[in-house]
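> would you be able to build a 3D model of this:
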Amino acid sequence: MDDMKWEQRRKNNFKNEKSQCLGKRDKSFAGRIDSHAVDICGILNEREEYYTTSSCAGRCFMYRGTGVKATTNFQRFRISHEKIMDPQRFFDLSTIDTDPSGGGDPIRPIGQYDYKEEGQSNEDEPSLSPSSEEIIESESTDKTIWLRFEPFILHVACRSLAAASDLMTTARPTFKNVGLTTWKDNRFLVAVWGDEGLEMPLCTPEGQTLGLDPSWLKELVNERHERNWTKIDRFCQSAREMTTTTREDEDFVDEHNPISEEIIDVPRSFDVVGDVAYLHNFPESEPEKVGEAIMRKNKSIKLVVARRSNLVGTERAPGEEGLAVIAGAERNPLVTTHTEYGIKCVVDLNHTFFSPRMAQERLRICQQIARGEDVLVLFAGVGMEGLQIAGRTEASSVLLIELNEVAVRCAQRGHRMLERNKAVKCSGAAERLQIVQGDVIEVLRGTLSGTTYDRILAPRPKEGTLDGDLGSGDGGEGFLHVIVSHLKDGGECHWYDFVADHEFPECIRTRRLIERVCSTHNLRVHIVHAANAGSVAKRQLRVCIDFKVFQNGDT
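As a prediction, this is how the structure comes out:
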């Protein structure tokens with residue numbers, strides 16, 4: 001029993017460390033995770049044995065100085081995590097101080113995120129090109145400009161040595177450089193490095209260019225990007241199929257309580273929303289004993305409820321008669337406060353839909369939001385997506401739209417709690433958040449007509465049998481037509497859909513829907529990622545398709 005208690009304590013410590021690490025504000029230059037690293041980080045963070053501490057999907061840049069980032073005379077220029085599209089401009093060294101970003105590319109403008117110093121606003125965003133006072137002539141007269149490509153790198157904290165071994169075994173067929181870098185205090189850190197590096201001078205120490213062909217340099221960089229991304233995709237597939245050797249929880253038995261000596265059919269899976277345990281199916285026998293067993297197992301649970309019927313309507317809420325209290329004191333209204341990565345929201349379980357299982361998906365979205373973005377959250381529910389974005393990122397504005405009046409009141413209470421939440425590290429979080437009640441299409445076509453956003457979240461509710469591979473509806477196409485017209489050029493949408501498990505991860509039907517709608521609006525579309533956002537029924541998944549849109553040149 002002592003060994004079991006020690007193992008449980010170690011597991012709880014790791015869980016707390018994971019929550020604290022993933023809940024921190026991203027302090028990198030970009031303020032977000034690289035788009036090509038989103039998938040692998042999401043796959044690993046979904047597993048209770050792992051969490052990612054840092055990552056880079058690969059980048060190229062030019063620099064002047066020692067080449068060591070911690071030194072004062074190291075200056076970077078034209079950082080890009082995507083392919084080089086305009087080599088003549090990108091590799092033009094005569095403009096490297098006056099035009100440090102080197103232009104842009106159709107996936108992400110070079111320099112859009114990479115030149116932000118921590119703590120500065122958009123208005124006074126500097127470039128990394130040095131002013132006359134910042135050029136350190138006294139330290140060095142070397143004017144050499146170097147081109148560097150840094151490959152994929154990932155650091156992962158593992159709950160046990162066995163979990164670390166499983167991860168290294170999974171990564172090694174794809175990446176040669178995999179190792180255990182830390183193994184003390186029951187914390188095991190695995191590092192995975194790519195091997196597609198490049199470093200070469202572009203001019204002499206006197207500043208004379210070497211006359212290298214920009215198209216050839218572009219080919220060198222872009223080939224490394226391609227090989228790098230291919231390896232990341234291969235690693236993602238292996239990580240999805242990875243099995244671990246960690247020990248599972250013991251059965252639900254309390255040897256000191258006579259009730260537990262009986263064989264009680266306690267559900268192995270249920271949601272915990274605030275201080276409420278939420279069972280999605282009503283127990284077939286002895287529901288009171290089931291509820292009591294759950295409360296004994298988790299002392300923080302004060303109430304156990306079970307759903308009597310399926311969720312109905314666009315609100316996807318059980319209603320007054322849909323939930324039954326099987327343990328704990330009656331509570332009317334059935335409201336609780338739920339905390340996720342330090343951010344709190346208010347949930348009315350009878351009249352709103354909220355899933356704590358979407359926590360990882362909300363984290364994934366937050367990790368992609370860069371400084372200065374204008375974000376729109378549709379079908380916002382109780383507002384947890386918007387609260388997370390406002391409290392954990394440096395988005396310029398976050399607008400929530402929700403039709404359900406009860407959900408809006410819950411979101412407003414969460415907004416007030418955000419103002420005084422000491423766990424929020426991003427200044428002005430509450431001021432950047434706005435909540436609007438109304439129908440999504442009516443609001444977008446009405447008061448928000450003509451407004452555009454850098455990022456739009458559309459976690460729309462499931463429309464019963466109208467959604468999924470057997471559905472007869474339009475799969476939300478009407479919403480999508482309105483949404484894409486409110487995206488900025490290069491803006492990104494997180495579109496949620498429902499598919500059969502055999503359709504994932506290709507999601508061909510959903511991809512064709514997005515491409516067809518964007519084509520109607522004369523927009524080019526780039527599918528960034530398809531994420532599994534959880535199961536909604538047997539062999540039915542909620543998926544999120546991340547895609548960007550671009551104005552066609554002939555419009």
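> okay, CA-based contacts and neighbour counts for the rest of this
Fine.
> could you look up the SS state of the closest residue to residue 40 other than its chain neighbours?
Sequence neighbours aside, residue 236 is the residue nearest to residue 40 in space, at 5.3 Å (criterion: Cα to Cα, 6 or more residues apart in numbering). On the three-state scheme (DSSP: H, G, I helix; E, B strand; the rest coil), residue 236 is labelled helix.
> just the pLDDT for residue 236.
Looking at residue 236, its pLDDT stands at 91.
> and residue 347, how close does it get to residue 404?
Applying Cα to Cα, to the nearest Å, the value for residue 347 to residue 404 is 13 Å.
> out of the two, which sits in the busier spot?
residue 347 (28 against 19; other Cα atoms under 10 Å).
> now residue 42: phi and psi?
According to degrees, to the nearest 10, the main-chain angles of residue 42 amount to phi -60, psi -40.
> show me how far stretch 366-380 is from its chain's centre.
11 Å (Cα atoms, centre = their mean, to the nearest Å).
> what's it in contact with?
26, 30-35, 38, 113, 121-122, 385-386, 388-389, 392-403, 440, 453-461 (Cα atoms under 8 Å, 6 or more residues apart in numbering).
> just the buried residues of the residues you listed.
26, 30-35, 38, 113, 385-386, 388-389, 392-403, 440, 453-461 (16 or more other Cα atoms under 10 Å).
> helices of the stretch 1-150 of the chain, residue ranges please.
Ranges of helices in the stretch 1-150 of the chain, per DSSP state H, counting those that start in this stretch, are 2-22, 38-45, 87-90.
> just the C-alpha atoms of the second one, please, in CSV.
Once side chains and other backbone atoms are set aside, the C-alpha atoms of helix 38-45 remain, and they are given as CSV (Å, rounded to 0.1, in the frame of the first residue of the first chain):
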residue,chain,number,x,y,z
VAL,A,38,1.1,22.0,-33.3
ASP,A,39,0.2,18.4,-34.2
ILE,A,40,3.0,16.6,-32.4
CYS,A,41,2.7,18.8,-29.3
GLY,A,42,-1.1,18.1,-29.2
ILE,A,43,-0.6,14.4,-29.6
LEU,A,44,1.8,14.2,-26.7
ASN,A,45,0.0,16.7,-24.4
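> quick one on the thing from earlier: could you measure from the residue nearest to residue 40 over to residue 12?
Taken as Cα to Cα, the span from residue 236 to residue 12 is 27 Å.
> looking at the two, which one has more neighbours?
Taking neighbours as other Cα under 10 Å, residue 236 and residue 12 compare with residue 236 leading, 21 against 12.
> which residues touch the more buried one?
39-40, 43 are the contacts of residue 236 under Cα under 8 Å, 6+ apart.
> quick one: which of these is nearest residue 85?
Nearest to residue 85 among these: residue 39, at 24.0 Å, using Cα to Cα.
> what sits against that closest one?
236, 529, 531.
> now do the SS call for the residue positioned nearest the centre of the chain.
Closest residue to the average C-alpha location of the chain: residue 364 at 1.2 Å, with Cα atoms, centre = their mean. Here residue 364 takes the helix state, with states given by three-state DSSP.
> list the contacts of it.
Residue 364 neighbours (Cα under 8 Å, 6+ apart): 38, 42.
> which pLDDT value goes with it?
pLDDT recorded at residue 364 is 87.
> same thing with residue 508?
Residue 508 is assigned 94 on the pLDDT scale.
> burial measure for it, as a count.
With other Cα under 10 Å as criterion, residue 508 counts 12.
> from residue 527, how far off is it?
11 Å.
> again with residue 283
The separation that residue 283 has from residue 527, given Cα to Cα, amounts to 42 Å.
> same check, this time on residue 298
42 Å.
> of the two, who's got more company?
More crowded of residue 298 and residue 527, by other Cα under 10 Å: residue 527, with 15 against 11.
> need the contact list for residue 13.
Contacts of residue 13 by Cα under 8 Å, 6+ apart: none found.
> hmm, back to that, dump the contacts of residue 39 to JSON lines, plus distance to residue 514.
Shown next, in JSON lines, are the contacts of residue 39 (distance: Cα to Cα, whole Å):
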{"residue": "236", "distance to residue 514": "24"}
{"residue": "529", "distance to residue 514": "13"}
{"residue": "531", "distance to residue 514": "15"}
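> of all the residues you listed, which comes closest to residue 340?
Distances from residue 340 to the contacts of residue 39, taken by Cα to Cα, are shortest for residue 531, at 20.2 Å.
> ok, that closest one - contacts?
Residue 531 neighbours (Cα under 8 Å, 6+ apart): 39, 505, 543-546.
> now the host helix or strand of residue 294: buried residues?
Assignment of secondary structure by DSSP states H and E places residue 294 within helix 287-297. By neighbour count on 16+ other Cα under 10 Å, the buried set for helix 287-297 is 287, 289-296.
> and the next helix or strand after it, C-alpha only, in PDB?
As assigned by DSSP H and E, the chain's next helix or strand after helix 287-297 is strand 303-307. Taking C-alpha atoms only, strand 303-307 is exported to PDB below (Å, rounded to 0.1, in the frame of the first residue of the first chain):
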ATOM      1  CA  LEU A 303     -22.200  16.600  -6.000                       C
ATOM      2  CA  VAL A 304     -22.700  13.700  -8.500                       C
ATOM      3  CA  VAL A 305     -25.300  14.000 -11.300                       C
ATOM      4  CA  ALA A 306     -26.300  11.700 -14.000                       C
ATOM      5  CA  ARG A 307     -28.000  12.400 -17.300                       C
END
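> so for strand 303-307, what's the average pLDDT?
pLDDT averaged over strand 303-307 gives 93.
> alpha carbons only: can I get the helix or strand following it in CSV?
Following strand 303-307 in sequence order, the next helix or strand is strand 323-328 (DSSP H and E). In CSV, the C-alpha atoms belonging to strand 323-328 read as follows (Å, rounded to 0.1, in the frame of the first residue of the first chain):
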residue,chain,number,x,y,z
LEU,A,323,-30.1,15.7,-14.9
ALA,A,324,-30.6,13.8,-11.7
VAL,A,325,-28.6,14.3,-8.5
ILE,A,326,-27.6,10.8,-7.2
ALA,A,327,-25.2,11.9,-4.4
GLY,A,328,-24.6,15.1,-2.5
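> quick check: which helices or strands does the helix or strand just after strand 323-328 pack against?
The helix or strand immediately downstream of strand 323-328 is strand 335-340, counting by DSSP H and E. Secondary-structure packing of strand 335-340 (3 or more Cα pairs under 8 Å, 6 or more residues apart in numbering; DSSP states H and E): strand 271-273, strand 343-348.
> quick one: average confidence on stretch 78-94?
91.
> thinking again about what came up before, next one: the helix holding residue 294 to chain centre, how far?
With Cα atoms, centre = their mean, you get 34 Å for helix 287-297.
> pLDDT of it, averaged?
The model assigns helix 287-297 a mean pLDDT of 90.
> could you do stretch 432-441 as well?
96.
> flag every buried residue along it.
Within stretch 432-441, judged by 16+ other Cα under 10 Å, the buried ones are 432-438, 440-441.
> break this structure down into its domains, please.
2-116+137-240, 264-332, 353-551 (automatic domain parsing).
> tabulate the ones you listed (JSON lines), appending distance to residue 342.
Converted to JSON lines, the domains of the chain look like this (distance: least, Cα to Cα, whole Å):
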{"stretch": "domain 2-116+137-240", "distance to residue 342": "7"}
{"stretch": "domain 264-332", "distance to residue 342": "12"}
{"stretch": "domain 353-551", "distance to residue 342": "6"}
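> related to what we said a few turns ago, now, the buried ones among the contacts of stretch 366-380 that are in strands?
Using DSSP state E, 397-402, 453-458 are the members of the buried ones among the contacts of stretch 366-380 that sit in strands.
> pull the contacting residues for residue 276.
301-305, 336.
> now, which of those sits nearest residue 95?
Nearest to residue 95 among the contacts of residue 276: residue 336, at 57.6 Å, using Cα to Cα.
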